[in-house]
Structure formats: C-alpha cells, structure tokens
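Novice: What shape does this take:
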Amino acid sequence: LTLVQFLVSRDSTAAQEYLGHTGRAVVNEGGTWEHQLQIDQLLTKGDMPFQYLTVYNFPSSQALLLAHEKTREIRQQSLSEIYALVVQPNPAVKKVTRSLGFMSSTLTRWLGTAEISGIEQIEDHSDSLDPETDPDAGKVMQFNSEKLAEPFYMMNLNQFSFSPRRGEGGKSAYNQYTARILPRLVSVGGYPDIYGKILSTYIGDQKSALFNSWHDFALVYYPSRTSFLRLMTNTPQGAAEIRREGLKKVVLMASSNLQPQPGKLRLF
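Specialist: Numbers count the residues shown, from 1 in each chain. Alright, predicted model coming up:
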C-alpha cells in the first residue's frame, strides 16, 4: 500500500521534525519513503493551504497502521492540517513509460513537441476551459514565469465522471486519453512516477480543502517546467476533449524535492 499525505505544518521547524520522525518510523516498519516534496503551486482553481506532500510505501496495512500510530504525538504537535489517502499503485505504468525513454528524441520530432506552442493565447481562450478539470489560465501564466529549468513533479487527483456521449464510465474515457498522451509525455522526457487507484481516505473530513470522492492519484515527473508546457500546449484538441469527458474534477499541484540546504528543511 502507498500512503499519500498533504500537510500543513505549524512552522518550518515543526515540519522538519515531523518529516524526519515519520521517515524513520516508516523504515522501521519495513516501508520506504518515496517522496517528501514541497508544494510549489496549485494549477487548478481555488486555494489550497497544503505545503508538503509525502508518499510512503508499506508492505502491509498493519505496517502502515503501526507507523502511523508511532507518529501520532509528533503529528499532533507539528501539523495544523493533514489530508491522507491510501493508494494502490500500478508499477507497470512507470516501468513501461520509462522503458520508452530512449525514444524521446524520435517522438519529439514525430509529434512536434519540441517547443512551447501558443502559451500567450491561453488567457485569451480561458472562457473555453472547464474550471473543474482544466488548469487555471492565470496560474499557468504564473507557472510559466519562474523556475522553468528545474525538474518537478505534477500531482494529479482525478475524480471520474460518466461520459454520456460515449455511454461509458469516465475512467474508460480517461484511459483513452492516457493512451494518446503517454507518447507525448515520453517525448518531453516525463513519466508517471506513481499512478494508481485511490482505495480510501485515511485522514480527512468535509472541512478539508481536498475533501472529495477521488478515484485516481498520479505523481508525474517532468525534467523541467518547460517540458510540461511543451506537453500542455501541444496536446491535440481531440485528446483534450476526451480528457474533459472522462473527468468530473481535478486537482493539479506542482511540487519539488525538499533540498537539505542551510536554512531549509533537513529530513534526517
């Protein structure tokens, strides 16, 4: 099982203590910590209070419960809010996508994803975007204004809809979109580091900004913000329409690795 946590810390020192203590507790129960990330920006509509995103793998539900119990006190002391999900990842998605990495330059030429195309027009066409499923135009322009060369992860929470035109569930429509977009993702050097079904909400209630009946979780790696924008601005209109049909609501968060630099968080 994989535990995904969205965190709000009381202060930077509290965050450092919580992340370090929790990382050790996970390892002691036979688990692994995959990611401890700082949330840089929300790209979809609304405001989110969350500052950090962690992803931990556990060999069993019992190991997850034991690690969680051992961090109860430090969690209560260090955090002002937490929202946590239990995910069942599909490791084949990452394995297959990364194995195609050698074709990246070839796919770039074939698919025409070498350059960012028409990003200046995003705000002009903001009225045609679905605020529940598409990135916010203003936030995309902000995203395009800094840290363009730095690698990052795009976190996706997906809630599927029913696709009336196709007479099928939104998950099936979204799978068709995924099949179309994966070659383009490879062409810009990205891959889905984690993709899986959300089994349950582990911590969180209706007061949380993230409260919803989420279906899928994805954490997608991009070698730079520029590479994400190359993918976004070169997605065929037909693929974008299929994506909208399959989705009812989406949350997108750009996140980066916490760096152990002076004055920054040190995890251990």
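
Novice: Show me where this protein dips below the pLDDT cut-off.
Specialist: By pLDDT under 70, the low-scoring segments of the chain are 124-125, 163-168, 259-268.

Novice: Spell out, range by range, the strands that occur in it.
Specialist: 2-9, 32-42, 52-57, 79-89, 152-160, 162-163, 168-169, 191-203, 216-222, 247-257 (DSSP state E).

Novice: can you tell which of these is closest to F228?
Specialist: Smallest distance to F228 across these (CB to CB): 4.6 Å, for strand 216-222. For the C-beta atoms, the positions are set from N, CA and C on the backbone; glycine is no exception.

Novice: contact partners of that closest one?
Specialist: With contacts defined as CB atoms under 8 Å, 6 or more residues apart in numbering, strand 216-222 is touched by 4, 35, 55, 85, 87, 151-158, 160, 171, 174, 185, 188-198, 228, 231.

Novice: repeat that for 6 Å
Specialist: Strand 216-222 has contacts (CB atoms under 6 Å, 6 or more residues apart in numbering) with 4, 87, 152-156, 158, 190-196, 198, 228.

Novice: cool, stretch 236-253 as well?
Specialist: Against stretch 236-253 from outside (CB under 6 Å, 6+ apart): 39, 42-44, 130, 132-133, 155, 157-159, 161, 163, 170, 173-174, 176-177, 180-181.

Novice: can you tell me how far G23 sits from Q36?
Specialist: According to CB to CB, to the nearest Å, G23 and Q36 sit 7 Å apart.

Novice: One more: Y56?
Specialist: Using CB to CB, Y56 is found at 9 Å from Q36.

Novice: So between the two, which is more surrounded?
Specialist: Counted by other CB atoms under 10 Å, Y56 and Q36 do not tie: Y56 has more neighbours, with 26 against 22.

Novice: The more buried one and W33 touch, don't they?
Specialist: Yes: shown here, Y56 and W33 form a contact pair, counting by CB atoms under 6 Å, at 5.0 Å.

Novice: what do those two both touch?
Specialist: Counting by CB under 6 Å, 6+ apart, the contacts common to Y56 and W33 are V26.

Novice: now could you export just the CA positions of stretch 226-237 as CSV?
Specialist: This file holds the C-alpha atoms of stretch 226-237, laid out as CSV (Å, rounded to 0.1, in the frame of the first residue of the first chain):
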residue,chain,number,x,y,z
THR,A,226,9.3,24.0,-19.9
SER,A,227,8.8,20.3,-20.7
PHE,A,228,5.4,20.3,-19.0
LEU,A,229,4.4,23.4,-21.0
ARG,A,230,5.6,21.8,-24.2
LEU,A,231,3.2,18.9,-23.5
MET,A,232,0.3,21.0,-22.4
THR,A,233,0.4,23.4,-25.4
ASN,A,234,0.9,20.6,-28.0
THR,A,235,-1.9,18.3,-26.8
PRO,A,236,-4.3,17.6,-29.7
GLN,A,237,-7.8,19.1,-29.2
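
Novice: re the thing from before, just the buried ones from the contacts of stretch 236-253?
Specialist: 39, 42-44, 133, 155, 157-159, 161, 163, 170, 173-174, 176-177, 180-181 (16 or more other CB atoms under 10 Å).

Novice: What sits closest to the residue nearest to the spatial centre of the chain if chain neighbours are left out?
Specialist: In the chain, the residue lying closest to the centroid (CA atoms, centre = their mean) is M155, at 0.9 Å. Of all residues not flanking M155 in the chain, M253 sits nearest, at 4.3 Å (CB to CB, 6 or more residues apart in numbering).
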